[in-house]
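*Asks:* sequence first, predicted coordinates after that:
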Amino acid sequence: MKKIVGFLSICLGMIGLLGSSAQCQETVLNSPPSNEEDHSSDQGPFPYSVTPVTKNRNLSAAMRRSFENYSGIHPKENELYSQFKYTRLKGFDYHDHDGTISRRDPSKIIFEKGKYYVWYTYRNTSSIPVGPDKCTDTMPSTDWDLCEIWYATSEDGFTWEEQGVAIARPPKPKVGWRSVSTTDILKWKGKYYLYYQGFMEASGKRGDYCPVAVSWSDSPDGPWTATDQAVIPNGPEGSWDQFAIHDPYPLVHNGKIYLYYKSAFNRPGNVWVAGGLAIADDPLGPFKKHALNPVLNSGHEVGLFPFKEGVAAIMVHDGNEHDTINYAKDWVNFEIASICQEVPIAPGSFVADAFANTTDGRGITWGLSHFTNAGKKGVNQHSILARFDCDLSQDVHDPGFKNTRFWKNVDDFFKQGLSKKQRERIAQQNAAVKLNAATH
Ligand code: AAL
């Protein structure tokens, strides 16, 4: 009996394989026919010495993209391509990385009173994250549960002096009583505003549900006055951002506050992240969400910066366009400007002209990001802040950041090997190949 079942499952596997290749075959048949009239011979071969005029030729789709999608036909010429180099920071204690102290999701960096300032999610709990089912009032569900917003200053961006709490968790039932996390900074008409996620339940209970709140101060050192309102409220029932408003990221454009944010919406069997835009004349709102939202189709904690007349976005982790730099001349309609690798997670860049209302954004060369140490089963995790450097700037031309090869330790590749289930599927495929060979 077992043999018959085994034989049948292999045959089913074979049909599956043949089916998928047939589907693949269909896809190929449906692809647009190549130009019947092949004019390439009339225009002579693609030249060895490429000039801007070359793009006027009859080009293949791939070469057309090289001229039209990217600001140079090689990453070395693409101002919005960069590698990222990481440096460990000094000045932050992590209890020997036992998971009880975590720092993550840094804000943009500003330069005030002769030093750099950064704000971030700070967790210091009696235990490591234990998940939404086991969490308590003192045991966090996730790395960003039971958190405060802390800040630090630095003279050089490498050694930091932790200054302590900026935004504490307010008492129930105020916005953020469970956790305040994932903050970003806005300087507007001489005042400072911190936007952050205000959790009123442990993250993970129903999903990562929270609105965005804001506090303001006359000084980057506080004290901060909470407005105790959801300044970027969740969307209406059934809308893409009905549950989560994450990663608030304010910039100034057209004399207004352009606040980009992330939400996660569901498609059968999957959760998608995407980015929205909300615009206001005043830091305390009202913020009007853009009619074209979501305006970003990928990314997780997206880091944005003014660049020339538009805005660039470092697309982190998720979605079809993960690990790219997106660019929108109109600050709304984003295209892919470059394909990068190992982009900084939750990038908080030093964006010197973030609030300058500029039409000639100079770009960025460094910032802070985070790395998460996923412990056993990925739950007992904590995160550390790190510095990244890059050349996404009109004012720096550093070929050292324009290579496309990121060297990793060979073991890093073998460590992320095949799962048990994948090996089983491979064994089935091998059997099906043998069966096919034996019967044809
Ligand atoms: C982060 C951000 C938000 C999420 C969680 C903490 O990277 O996307 O802040 O809620 O993860």
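*Replies:* Cool, got the structure.

*Asks:* identify the residues contacting His370.
*Replies:* The contact partners of His370, taken as C-beta atoms under 8 Å, 6 or more residues apart in numbering, are 103-106, 120, 345-346, 383-386. Yep, even glycine has a C-beta here, placed from its N, CA and C like the rest.

*Asks:* again, only this time at 7 Å
*Replies:* By C-beta atoms under 7 Å, 6 or more residues apart in numbering, the contact set of His370 is 104-106, 345-346, 383-386.

*Asks:* report the beta-bridge partner residues of it.
*Replies:* With DSSP bridges as the criterion, His370 is bridged to Leu385.

*Asks:* if I look at it, what pLDDT would I see?
*Replies:* pLDDT for His370: 97.

*Asks:* state the distance from it to Gly198.
*Replies:* 20 Å (C-beta to C-beta, to the nearest Å).

*Asks:* and stretch 355-363, which residues are buried?
*Replies:* Within stretch 355-363, the residues scored as buried using 16 or more other C-beta atoms under 10 Å are 355-356, 358, 361-363.

*Asks:* for this structure, what spans make up the helices?
*Replies:* Under the criterion DSSP state H, the chain contains helices at 2-30, 40-43, 61-68, 410-415, 420-439.

*Asks:* rewinding a little: ok, and which of the contacts of His370 reach the ligand?
*Replies:* 105, 346 (C-beta under 6 Å from any ligand atom).

*Asks:* how near is Asp184 to Gly235?
*Replies:* The spacing between Asp184 and Gly235, counted by C-beta to C-beta, is 20 Å.

*Asks:* okay, these two: which has more neighbours?
*Replies:* Taking other C-beta atoms under 10 Å, Asp184 and Gly235 do not tie; Asp184 has more neighbours (26 against 18).

*Asks:* so what's the more buried one scoring on pLDDT?
*Replies:* 98.

*Asks:* how about it, what does it touch?
*Replies:* Contacts for Asp184 (C-beta under 7 Å, 6+ apart) come out as 107-108, 195, 248-250.

*Asks:* what distance separates the start and the end of stretch 244-258?
*Replies:* Terminal residues of stretch 244-258 lie 19 Å apart, using C-alpha to C-alpha, to the nearest Å.

*Asks:* ok, and the closest non-adjacent residue to Ser383?
*Replies:* In space, not counting the residues next to it along the chain, Ser383 is nearest to Arg104; the distance is 3.7 Å by C-beta to C-beta, 6 or more residues apart in numbering.

*Asks:* with Glu301 instead?
*Replies:* Ala346 is the one closest to Glu301 (C-beta to C-beta, 6+ apart), at 3.7 Å.

*Asks:* what's the answer for Val175, then?
*Replies:* Nearest to Val175 is Gly198, by C-beta to C-beta, 6+ apart, at 3.9 Å.

*Asks:* next, count neighbours for whatever residue of the stretch 151-300 of the chain ends up closest to the ligand.
*Replies:* Per C-beta to the nearest ligand atom, Thr182 is where the stretch 151-300 of the chain lies closest to the ligand, at 3.5 Å. Close neighbours of Thr182, defined as other C-beta under 10 Å, add up to 28.

*Asks:* Ala280 touches Lys289, doesn't it?
*Replies:* No: at 10.3 Å, Ala280 does not count as touching Lys289 under the criterion of C-beta atoms under 7 Å.

*Asks:* which one of these two has more residues nearby?
*Replies:* Counted by other C-beta under 10 Å, Ala280 and Lys289 do not tie: Lys289 has more neighbours, with 20 against 17.

*Asks:* so what pairs up with the more buried one in the strands?
*Replies:* Ala278.

*Asks:* what does the pLDDT read for it?
*Replies:* Per-residue pLDDT puts Lys289 at 97.

*Asks:* now do Gln428
*Replies:* We have a pLDDT of 98 for Gln428.

*Asks:* and the strands in the stretch 101-250 of the chain?
*Replies:* For the stretch 101-250 of the chain, the strands defined by DSSP state E, counting those that start in this stretch cover 101-104, 110-112, 115-124, 148-154, 160-167, 179-188, 191-199, 212-217, 225-226, 246-253.

*Asks:* can I see the domain layout of this protein?
*Replies:* 2-69, 85-401 (automatic domain parsing).

*Asks:* which of those sits most buried?
*Replies:* domain 85-401 (a mean of 19; mean count of other C-beta atoms under 10 Å).

*Asks:* off-centre distance for it?
*Replies:* 10 Å (C-alpha atoms, centre = their mean, to the nearest Å).

*Asks:* try stretch 399-415
*Replies:* Centroid displacement of stretch 399-415 relative to its chain, using C-alpha atoms, centre = their mean, is 20 Å.

*Asks:* show me what Met315 is bridged to.
*Replies:* Those that pair with Met315 in a beta bridge, by DSSP bridges, are Thr324.

*Asks:* so how far is Tyr327 from it?
*Replies:* Here the criterion is C-beta to C-beta. By it, Met315 lies 11 Å from Tyr327.

*Asks:* what do you get for Asp218?
*Replies:* In terms of C-beta to C-beta, Asp218 sits 35 Å off from Tyr327.

*Asks:* mind pulling up the pLDDT for the spatially most central residue of the chain?
*Replies:* Ranked by distance to the mean C-alpha position of the chain (C-alpha atoms, centre = their mean), the top residue is Val316 at 2.6 Å. As predicted, Val316 sits at a pLDDT of 92.

*Asks:* same check on Ala264?
*Replies:* 82.
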